[in-house]
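Colleague: Using only what follows, build the 3D model:
(2 chains)
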Amino acid sequence: MSDLTKLTIAAARDGLAKGDFSSRELTAAHITAMTASKPLNAYITETPEQAVDAATASDARRAKGEAGKLEGIPLAIKDLFCTKGVLTTAASHILDGFTPHYESTVTANLWGAGAVMLGKVNLDEFAMGSSNETSYYGNVVNPWRRDGDDTALVPGGSSGGSASAVASFSAMGATGTDTGGSIRQPASFTGIVGMKPTYGRCSRWGVVAFASSLDQPGPMARTVRDTAIMLESMAGFDAKDSTSVNMPVPNFEDALTGDIKGLRIGIPKEYRIDGLSDEIDALWQKGIDWLKDAGAEIVDISLPHTKYALPAYYIIAPAEASSNLARYDGVRFGLRVEGKDLNDMYASTRAEGFGDEVKRRLLIGTYALSAGYYDAYYLKAQKVRARIAEDFKQAYLSVDAILTPTAPSAAFGFGEKGDDPLEMYLNDVFTVPASLAGLPGISVPAGLSKESLPLGLQLLGKPFDEETVFRVAGVLEEAAGFTAKPTDWWRG
Amino acid sequence: MGMIIQGATGDWEVVIGLEVHAQVTTKSKLFSGASAEYGADPNSQVSFVDAAMPGMLPVINEMAVEQAVRTGLGLNAKINKFSVFDRKNYFYADLPQGYQISQFLQPIVGEGKIIIDLKDGETREIGITRLHLEQDAGKSLHDQHPSQTFVDLNRSGVPLMEIVSEPDMRSPEEAAAYVKKLRSIVRYLGTCDGNMEEGSMRADVNVSVRKPGDAYGTRCEMKNINSVRFMQQAIIYEANRQVDILEAGGTVDQETRLYDPDKGETRSMRSKEEAHDYRYFPDPDLLPLEFDDAFIKRISETLPELPDDKKARFISELGLSAYDAGVLVTEKEVADYFEAVAEGRDAKLAANWVIGELFGNLNRTGKDLSESPVGANALGELIDLIKDGTISNRIAKEVFEEMFDTGKAAGDIVEEKGLKQVSDTGAIEAAIDAVIAANPDKVAEYRDGKDKLFGFFMGQVMKATQGKANPGVVTQILKPKLDQ
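Modeller: A predicted model of the protein is given here:
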């Protein structure tokens, strides 16, 4: 039998359906790959025994003719999703020993569709980061390396473990969450596909909150089709999440018609930022040409408030986080560091439990909401956010989707972004505007840098029009013909 | 009349505003499905949402929204079809989220008013600033362990209405009348049980003093007062404290103070400088609360007749005095009971019996109206017996006591005890003749002009007939016989 881990979800689905192999075999192959991927540090908690049990149950369901849409497919789950009976850490010391008594809606949907959990994957602490360097459980390593250079590279973040697991073939797909680019940017850094759905498409219930008005779960896999298959099972209205939207979930796979003739693709001039590398600019131009060749109409558009998106995001997200993370106080669960009184216990617990980046954002957010600063920071940022959303609304009067680069660079080495958090925050410059507007976006691997690292292009769509995004992404993927794989150096 | 404190520098007027926290009557909590019922075992009514477990999200309880709108309508207030839930951020062990979900800039209910009833039948209008929905916190129990604090999260997430008044009250009596009236209205509406001992209603009291005609003085807030009596004591103490400071040339500091009912004094909890910065911002887990006119209309159609309207009707249609009407409408149960008694009967007589004998016996036995052994129909039957002359008013009181103690029907008691009034002139005349014959000296004194002795003869005749003689008939026969 060929290496089952190299299959796409679509191919594995068909192979399982034809009886070429069982979910037990498919899962076992991935457990072996997961174990071998330890040098990447993608997984925080491996659950191989449960995976085997789930695969066995899946094979039994299939035998009874009760196969779901993801029947028997082994997946990795970002450790921000609460999983019943399985340690859930958010990659933070402060959640030490926290084992939820409940299952997040998105993961419950996946298990309901027959999927198998391999384990919980690493991330930036509380999803705050763009390089997966802030996890209490250590850095995640990108399976990709520069040509002829053994320097370990970041996988991007915050869904770095998800990206690394999928890119290293130790999971067929993974859940991610995207607040300002946390699915799309790591997908770009690791040569995989990452889809952030429209805000409200997937339930946030049971997902550890970072910034409630921005957080959105989504799929990460190696092809556009695989992310479409996954999203259909993840998405859906959930009465337990007041911001979940009650709309039917289409069969996203059906949207992959390969036909984009007559579709209008917007190219926003404001995304040609100063210092954009030539290779990224060239790749973007290639993307434009591919879509034009496929029959799309290319339209130059303007999103005039783009330059304010990043500062607005870095006010709003920390402000919400400063409140969302107040519940980690040592009183009811997770880490507690005793103190001489209640306030001392709070201070000691949070000082020890949170890492530097989380503390930085909680301080920024607390400041931005403080009396006397609220209007100047939080309220102003919300006004900017409304303008940015309006920019997109105007643009979508004349285009059906928007094409941009996903990130301003390829994956970089650990510590290379230096001590300046602002430099790190710039990683999100192309992903943040759509997050603020709540729009769907996907990163598709489109080429290699001169150092042979993957680079992604981003497609953005109208609210709840993931279908068009998938359709165009499928054409882009086909045209790019991205087939490069990382060498499996980590297997030693 | 407002409360005036006479100081060395002249008269001081007291200005009072109240923030009443009323627990909304609902089955479940404001943002979770856990029961909101009082008195369960600690931590037995706590959902993952109430305990603020990671990833848990609030979902608004529609019943709580309806109840807030219903209350707003009952307070003649503006209903805001668009309102926003905000987070009020602070750390405390019994606040699991680290924030309370409340409404800050855009509450569900805006300006309204309450008519308060004062002692002499006078009424005053007190402005309502706003009503908003918010979550209650849990409860810290400091007395369960020598060195540790226990936390009970049963109350965490229970829906509260915070009802804020204008600083329109000028005396402790007015503040008390306000709380009583508010309690009466929410109980009529069924939106809060008004139980202050169980904490279903508690008040934050803002007090300041000023020279009449001056601008408002600096206020102090006394938190979480859960009895009307303590509230009045706290106001009196606090107003005098402020006057003493001002008259001594000092200034009142704006601060939060605690009223200690054991010592009868207020003391500083935290100053304005130490006040929390709550960092309010709209809760991103919740959409703004929006509803339409049809929603409001549907609720307004279910509104009961409220105490002010009922009182006016009792006065104008039933001819009751303002005082009696006011007493009868305070509690809806009492008003309903009275109306059932008065139905097709003499309303004034019914009012006298409810307020006099019924309340008296309930007080005597420490019972609630709901526990009364005498139902409205039973009391009505008793009144019917008085009206048709079967028994006298005096006998009726005895019968009522018997009814109250045994639960028997009035007719049965009259029958069993042979209490039927005697109007048979023959029997009465015989009794009168016997009394006259037995008291020749008294008869002589009466005929010499000592008119007052008529009462003596009446009493003797009633005694001889065990009180059953119809007093009217006795008078008719006795008078001519004595005057002969």
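Colleague: all contacts plus neighbour counts: C-alpha atoms, from now on.
Modeller: Fine.
Colleague: How about A:A312: what's its closest non-neighbour residue?
Modeller: Excluding its sequence neighbours, the residue lying closest to A:A312 (CA to CA, 6 or more residues apart in numbering or on different chains) is A:A381, at 4.5 Å.
Colleague: Now do the SS call for the one you found.
Modeller: The three-state label given to A:A381 by DSSP: H, G, I helix; E, B strand; the rest coil is helix.
Colleague: Could you report the neighbour count for it?
Modeller: 23 (other CA atoms under 10 Å in any protein chain shown).
Colleague: What residues sit buried inside stretch A:79-94?
Modeller: A:79-84, A:86-94 (16 or more other CA atoms under 10 Å in any protein chain shown).
Colleague: wouldn't A:M128 be in contact with A:G160 here?
Modeller: No. Using CA atoms under 8 Å, A:M128 makes no contact with A:G160, being 11.2 Å away.
Colleague: any shared contact partners between those two?
Modeller: Counting by CA atoms under 8 Å, 6 or more residues apart in numbering or on different chains, A:M128 and A:G160 have no contacts in common.
Colleague: ok, those two, which is more surrounded?
Modeller: Higher neighbour count among A:M128 and A:G160: A:G160, with 38 against 27, using other CA under 10 Å.
Colleague: re earlier: would you enumerate the residues in contact with the residue nearest to A:A312?
Modeller: By CA under 8 Å, 6+ apart, the contact set of A:A381 is A:311-313, A:315-316.
Colleague: could you dump these to TSV with secondary structure?
Modeller: TSV is the format used below for the contacts of A:A381 (three-state DSSP):
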residue	secondary structure
A:P311	helix
A:A312	helix
A:Y313	helix
A:I315	helix
A:I316	helix
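Colleague: one step back: out of the buried residues of stretch A:79-94, flag the one nearest to B:E221.
Modeller: Nearest to B:E221 among the buried residues of stretch A:79-94 is A:I94, at 37.5 Å by CA to CA.
Colleague: Helices of the stretch 351-492 of chain A, start to end?
Modeller: Using DSSP state H, counting those that start in this stretch, the helices of the stretch 351-492 of chain A run over A:356-369, A:380-395, A:421-425, A:432-437, A:466-480.
Colleague: Which stretch among these is buried most, on average?
Modeller: Of all the helices of the stretch 351-492 of chain A, helix A:432-437 has the most neighbours on average by mean count of other CA atoms under 10 Å in any protein chain shown, namely a mean of 26.
Colleague: Could you check how many residues crowd around B:S316?
Modeller: B:S316 is flanked by 12 other residues according to other CA under 10 Å.
Colleague: secondary structure element for it?
Modeller: In this structure, B:S316 is located in helix B:307-318 according to DSSP states H and E.
Colleague: Give me the buried positions along that helix.
Modeller: By neighbour count on 16+ other CA under 10 Å, the buried set for helix B:307-318 is B:307-308, B:310-312, B:314-315, B:318.
Colleague: Using a markdown table, lay out these together with pLDDT and distance to B:C220.
Modeller: Shown next, in a markdown table, are the buried residues of helix B:307-318 (pLDDT from 0 to 100; distance: CA to CA, whole Å):
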| residue | pLDDT | distance to B:C220 |
| --- | --- | --- |
| B:P307 | 96 | 32 |
| B:D308 | 95 | 32 |
| B:K310 | 97 | 37 |
| B:K311 | 95 | 36 |
| B:A312 | 95 | 37 |
| B:F314 | 97 | 41 |
| B:I315 | 96 | 40 |
| B:L318 | 95 | 45 |
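Colleague: how about these in CSV, adding distance to B:L385?
Modeller: Putting these into CSV (distance: CA to CA, whole Å) gives the following:
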residue, distance to B:L385
B:P307, 31
B:D308, 32
B:K310, 28
B:K311, 28
B:A312, 29
B:F314, 24
B:I315, 25
B:L318, 21
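Colleague: Which of those sits closest to chain A?
Modeller: Using CA to the nearest CA, B:P307 comes nearest to chain A of those, at 38.1 Å.
Colleague: show me the contacts for the residue lying closest to that closest one once chain neighbours are set aside.
Modeller: Sequence neighbours aside, B:V329 is the residue nearest to B:P307 in space, at 5.4 Å (criterion: CA to CA, 6+ apart). B:V329 makes contact with B:307, B:310-311, B:335, according to CA under 8 Å, 6+ apart.
Colleague: B:Y216 belongs to a strand?
Modeller: No. Judged by three-state DSSP, B:Y216 forms no part of a strand; its state is coil.
Colleague: any idea which element the residue of chain B found nearest chain A lies in?
Modeller: Distance from chain A to each residue of chain B (CA to the nearest CA) is smallest for B:G55, at 4.1 Å. For B:G55, there is no host helix or strand (DSSP H and E).
Colleague: What's the per-residue pLDDT of it here?
Modeller: If you check B:G55, the pLDDT there is 98.
Colleague: and what of the one 3 residues further on?
Modeller: Here, the pLDDT recorded for B:P58 equals 98.
Colleague: same check, this time on the one 10 residues further on
Modeller: We have a pLDDT of 98 for B:A68.
Colleague: just how off-centre is the helix or strand where it lies within its chain?
Modeller: Secondary structure from DSSP H and E places B:A68 in helix B:62-74. Centre-to-centre, helix B:62-74 and its host chain are 20 Å apart (CA atoms, centre = their mean, to the nearest Å).
Colleague: Compare the helices of the stretch 351-492 of chain A and say which comes out lowest on pLDDT.
Modeller: Mean pLDDT values for those show the minimum at helix A:421-425, a mean of 82.
Colleague: quick one: contacts of that helix?
Modeller: With contacts defined as CA under 8 Å, 6+ apart, helix A:421-425 is touched by A:130, A:310, A:417.
Colleague: which among those residues end up buried?
Modeller: Neighbour-count burial (16+ other CA under 10 Å) applied to the contacts of helix A:421-425 gives A:130, A:310.
Colleague: Between the contacts of helix A:421-425, which sits nearest A:Y102?
Modeller: Checking the contacts of helix A:421-425 against A:Y102 by CA to CA gives A:S130 as the nearest, at 28.4 Å.
Colleague: So that closest one, which state does it fall into?
Modeller: With three-state DSSP as the basis, A:S130 sits in coil.
Colleague: for the one 3 residues further on, same thing?
Modeller: A:E133 carries the three-state label coil when classified by three-state DSSP.
Colleague: who are the neighbours in contact with it?
Modeller: By CA under 8 Å, 6+ apart, A:E133 lies in contact with A:124, A:139-140, A:154, A:414.
Colleague: again, but for B:D324
Modeller: B:351, B:355 are the contacts of B:D324 under CA under 8 Å, 6+ apart.
Colleague: Please apply the same query to the one 10 residues further on.
Modeller: Contact partners of B:V334, counting by CA under 8 Å, 6+ apart, are B:328, B:369.
Colleague: In what element of secondary structure is A:M195 found?
Modeller: Assigned by DSSP H and E, A:M195 belongs to strand A:193-196.
Colleague: what comes into contact with whichever helix or strand comes after that strand?
Modeller: Per DSSP H and E, the first helix or strand lying C-terminal to strand A:193-196 is strand A:216-221. Contact with strand A:216-221 is made by A:106, A:162-163, A:166, A:172-179, A:183, A:187, A:192-204, A:227, A:230-231, A:234, as judged by CA under 8 Å, 6+ apart.
Colleague: Spell out which parts of chain A neighbour chain B.
Modeller: A:81-82, A:104, A:204-209, A:212-213, A:239-243, A:320, A:323-324, A:326-327, A:331-332, A:342, A:366, A:369-371 (CA under 8 Å from any CA of the partner chain).
Colleague: What strand or helix carries residue 16?
Modeller: Defaulting to chain A. Using DSSP H and E, A:L16 falls in helix A:9-18.
Colleague: You answered for a different chain; I wanted chain B.
Modeller: Using DSSP H and E, B:I16 sits in strand B:10-23.
Colleague: Repeat that for A:R350.
Modeller: Per DSSP H and E, A:R350 falls inside helix A:342-353.
Colleague: average model confidence for stretch B:351-359?
Modeller: pLDDT averaged over stretch B:351-359 gives 95.
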